[in-house]
Every structure is written in C-alpha cells, then in structure tokens.
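Colleague: Predicted structure and sequence below. I'll ask about it afterward.
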Amino acid sequence: MHGLEQSLMPNTYLKLMAQSSPDPARLMAGSGLGVAEVLSRDAPITVRQQLVCAANAAAMTRRPDWHFEWAEAIGEHFHGPLTSALFSAPTLGEGLNAYVRYLPMRIPYLAWQRRLSAGECRIEVTPLLELGPLGPILVEIPLLALLAYVRTLRGGRVQGVHLSLRHPPCVASERYSKRFRGEFHFKQASHALVLPASWLAGAHAGYDAIVWRTSLRRCAQAERHGYQGALVDSLRQMLLACFDADHGERTPPTVQQAAHRLHMSVRTLHRRLADAGFSYQRLVDEIRRERASELLAERDRKLGDIAAALGYRDPANFSRAFRRWFGAAPRDLREAPGASVSQIAAQHPARNRAGGGGGRATVAVPDLRSK
C-alpha cells in the first residue's frame, strides 16, 4: 500500500455522497467505515477509504458522466475555510493562489501548480497515486469546480478559458462543452485549467478584507495543524487495538514501529505530535491510564491480568505507574467505598502531562464544515 493512501482528509465529500446515495451501505462497502459514523461525525478519513467509496460509487451507476452532478454540487462549496477564502479574495489571481495552495490539505492525492507563460496562466493538477479507472473522474471533478469558480468571479464570462485533459472524454466532448459552457481539449500533455494571465489582476466585486484575512489564517492553521488531532486519534486507535488484542503481544509499539505503521519518519511523528501538544510517551501513558480505569472496574479481573493487558510484564511496574496516575495503589482504588472506579479516577487527572501543564492540551483542529 502506498503511504499516501493512509493520509487523512476530511469526510465532507464522502458525507455528501452518502447523503445522496440510494444505498450508503453499499457505497462504503470495503472501506471499514459505517454509515452512521460518517453521517453523524466530522472525523477525518483516509485517502484509501475515500478512493474505495469513490470506486463503489462508480460501480453503482451505469452513467459515465455521473460525476458531472457531483462536480456541480461541490463546485463552490464544502471546502471548509477555503470556500470563504475563495469568495472573499481581492482578485481572481489571489483566489486561484489560495486554491492551489490549500486544496491539497483537503484532497491529498492531487498536487497543484500554477504556471505563467506566453500570456497564459495554467493551473495544473497531477495525481500523486495511480488512480486507475477512477483517474479521469477524480481529476475532472476539481478542475470543473475550478472552472465554476472562475465563471462566478468573472460574472459568467469564461470565453478564453479551456480545460486541458490528458485522457479521452468520458462521454462525447460536446456534452462537456454544453453542460459546463467551456472549451475542452482532450488527450493533451497535462491536466490543467488555462486562462489569460491578464485576468489574474482583475478586482473581485465580492472582496471582503476581513473575511479574506480571517479565512487565509484559518487555512494556514489547517495546513499546519488541521489533522494533527486526527493523527493523535489514529495513534490512540493503534494503541487501543494493541491493548485490546485477544492474544499475542500487548506491549505498545515503540515510536519507531508506530512511525513505520503511519508511513512517516520518527522525526516527523515527533514533530506532528509536538504541534498537537503531545509526546508519544504521554499518549501511551494516557491510553494505559484510561484502560486501567476501565479494567479495574471489572471486579473479576485479577490485578496481574490487568497489568498484562496493559503490556506490563512485571505487575510491580504496573502498580508504580498506577500510583503515579491516580495517587493510590490499584487494590486500594478498587476497594474504595462509596464511588465507582471511574468516578475516583476522574478526580485524579494524569500527572505526566507534556511540558508540566495541568490540563489536556487543546488540539487546533479547524472547523471543516462549509460556512
């Protein structure tokens, strides 16, 4: 599996697909996602999960142009803080710059670049994964959305713009031109939206300086930190799966093993966790603490079994860690009268916070819902 397939992206686009799908369960088959989970939460998904669902969507329809409606639906909406930036930009050029820079944080498997040459501006897109039969559709959707954006800022005037696509048309080329009121060139050297460079400096009537600056700041924050919270969640799930295993090794993975599973270097993992206000050891300790509280409430479980379930080969080490977490020995906490284990545990916040802070760090996760 390519490491990029495990990159995180918002579930916004999949949620929209599920809401309009006649069979959401079939749409998500093989992705490891549940319908209720996607529809009720804003938790990020992996690129692989998005691609599996896109392949299912394509298989569920017999229309080769099914993605046209999808491109129109998301064209000018559902891009989180980027939507606000696009429609408050001072000029078309600034809006296109924002699109090129920040769309990859929402669609990580496509790379964007702006090129100026011979009086033309080319907004080029390149897949970073081998997308197979889905490639044309997944490239066309954001380019068609970009064409709609240019049309909006230009008051409907797009004569002089064309889309250049490397693949042959999915349907008759005339249907593209008629539906999207633009010029399309197929079997070209690259995927790009091409427009006159002179348009870039054109003032945008909807320019709003405050919204523009605020939206750019939110985009920049999302670019730096937006999915660090999701990284923490991914690591939490990895550790919980380790501690909840029915058999085998329950010792938590080393930071090197965790980084390898996440397809990143140890240095990158440390940096991203630090950005989110965590360290790897702190995260391991927090998961162990939470599971210790839950397992201790199961009165039939022996303390030695709980220690083993948390990866401690020596129960004495578990007892020392437990005292550090809760200020009492496991046996004393279990036998404490008048309150449940979880209630007592809640009164003893973990004492090994990164940087010595007293409370849980706030993870800077932007609001990815459309305005």
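Modeller: Yep, that arrived.

Colleague: contacts and neighbour counts: CA atoms only from here.
Modeller: OK.

Colleague: And the helices in the stretch 1-150 of the chain, which stretches?
Modeller: Assigned by DSSP state H, counting those that start in this stretch, the stretch 1-150 of the chain shows helices spanning 12-20, 24-27, 35-40, 47-59, 66-74, 81-88, 92-102, 135-153.

Colleague: Identify all contacting residues around the next helix or strand after the last one.
Modeller: Toward the C-terminus, helix 135-153 is succeeded by strand 162-164 as the next helix or strand (DSSP states H and E). For strand 162-164, the surrounding residues in contact (C-alpha atoms under 8 Å, 6 or more residues apart in numbering) are 143, 182-188, 190-195.

Colleague: which of those residues lies closest to residue 129?
Modeller: residue 191 (14.7 Å; C-alpha to C-alpha).

Colleague: my read: the closest one touches residue 122, true?
Modeller: No - applying C-alpha atoms under 8 Å as the test, residue 191 and residue 122 come out as separate, 9.3 Å apart.

Colleague: Pick out whichever of these two has more residues nearby.
Modeller: residue 191 (25 against 21; other C-alpha atoms under 10 Å).

Colleague: Does residue 81 touch residue 218 like I think?
Modeller: Yes - assessed by C-alpha under 8 Å, residue 81 is found in contact with residue 218 at 6.2 Å.

Colleague: residues near residue 171, how many?
Modeller: Residue 171, neighbours per other C-alpha under 10 Å, totals 11.

Colleague: who are the neighbours in contact with it?
Modeller: Per C-alpha under 8 Å, 6+ apart, neighbours of residue 171: 64-65.

Colleague: Helix, strand, or coil at it?
Modeller: coil (DSSP: H, G, I helix; E, B strand; the rest coil).

Colleague: distance of it from residue 66?
Modeller: Per C-alpha to C-alpha, to the nearest Å, residue 171 is found 10 Å from residue 66.

Colleague: again, but for residue 17
Modeller: Following C-alpha to C-alpha, the distance that separates residue 17 from residue 66 is 12 Å.

Colleague: circling back to that earlier point, of the helices of the stretch 1-150 of the chain, flag the one that's most buried.
Modeller: Among those, the stretch with the highest mean neighbour count (mean count of other C-alpha atoms under 10 Å) is helix 81-88, at a mean of 25.

Colleague: Tell me which other helices or strands that one touches.
Modeller: Here helix 81-88 touches helix 92-102, helix 209-225, going by 3 or more C-alpha pairs under 8 Å, 6 or more residues apart in numbering; DSSP states H and E.

Colleague: Take those helices and write them to JSON lines, including distance to residue 23 and mean pLDDT.
Modeller: As requested, those are exported to JSON lines (distance: least, C-alpha to C-alpha, whole Å; pLDDT from 0 to 100):
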{"stretch": "helix 92-102", "distance to residue 23": "32", "mean pLDDT": "95"}
{"stretch": "helix 209-225", "distance to residue 23": "32", "mean pLDDT": "84"}
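
Colleague: can you list those helices in JSON lines and add distance to residue 62?
Modeller: Below are the helices and strands packed on helix 81-88 laid out as JSON lines (distance: least, C-alpha to C-alpha, whole Å):
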{"stretch": "helix 92-102", "distance to residue 62": "32"}
{"stretch": "helix 209-225", "distance to residue 62": "37"}
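
Colleague: Can you say which of these is nearest to residue 130?
Modeller: helix 92-102 (20.7 Å).

Colleague: Does residue 323 touch residue 332 like I think?
Modeller: No - between residue 323 and residue 332 there is no contact under C-alpha under 8 Å: 10.1 Å.

Colleague: For the two, work out which one has more neighbours and name it.
Modeller: residue 323 (13 against 9).

Colleague: Return the distance of that one relative to residue 90.
Modeller: Counting by C-alpha to C-alpha, the gap from residue 323 to residue 90 is 58 Å.

Colleague: Same question for residue 331.
Modeller: Relative to residue 90, and taking C-alpha to C-alpha, residue 331 is found at 65 Å.

Colleague: So which of the two has more stuff around it?
Modeller: More crowded of residue 331 and residue 90, by other C-alpha under 10 Å: residue 90, with 20 against 12.

Colleague: The more buried one is in contact with residue 210, isn't it?
Modeller: No - counting by C-alpha under 8 Å, residue 90 stays clear of residue 210, with 10.9 Å between them.

Colleague: Can you check the pLDDT for residue 331?
Modeller: Residue 331 is assigned a predicted lDDT (pLDDT) of 82.

Colleague: Name the SS class of it, please.
Modeller: helix.

Colleague: what sits against it?
Modeller: Residue 331 neighbours (C-alpha under 8 Å, 6+ apart): residue 303.

Colleague: per-residue confidence at residue 145?
Modeller: Taking residue 145 on its own, its pLDDT is 93.

Colleague: That one and residue 69, how far apart?
Modeller: Taken as C-alpha to C-alpha, the span from residue 145 to residue 69 is 11 Å.

Colleague: show me where pLDDT drops low in the stretch 251-371 of the chain?
Modeller: 263, 336-371 (pLDDT under 70).

Colleague: pretty sure residue 271 belongs to a helix, no?
Modeller: Yes - counting by three-state DSSP, residue 271 is found in a helix.

Colleague: What is the neighbour count of residue 155?
Modeller: Neighbour tally, residue 155, other C-alpha under 10 Å: 11.

Colleague: Now do the contacts for it.
Modeller: Contacts of residue 155 (C-alpha under 8 Å, 6+ apart): none.

Colleague: Tell me how far it lies from residue 87.
Modeller: Taking C-alpha to C-alpha, one finds residue 155 at 13 Å from residue 87.
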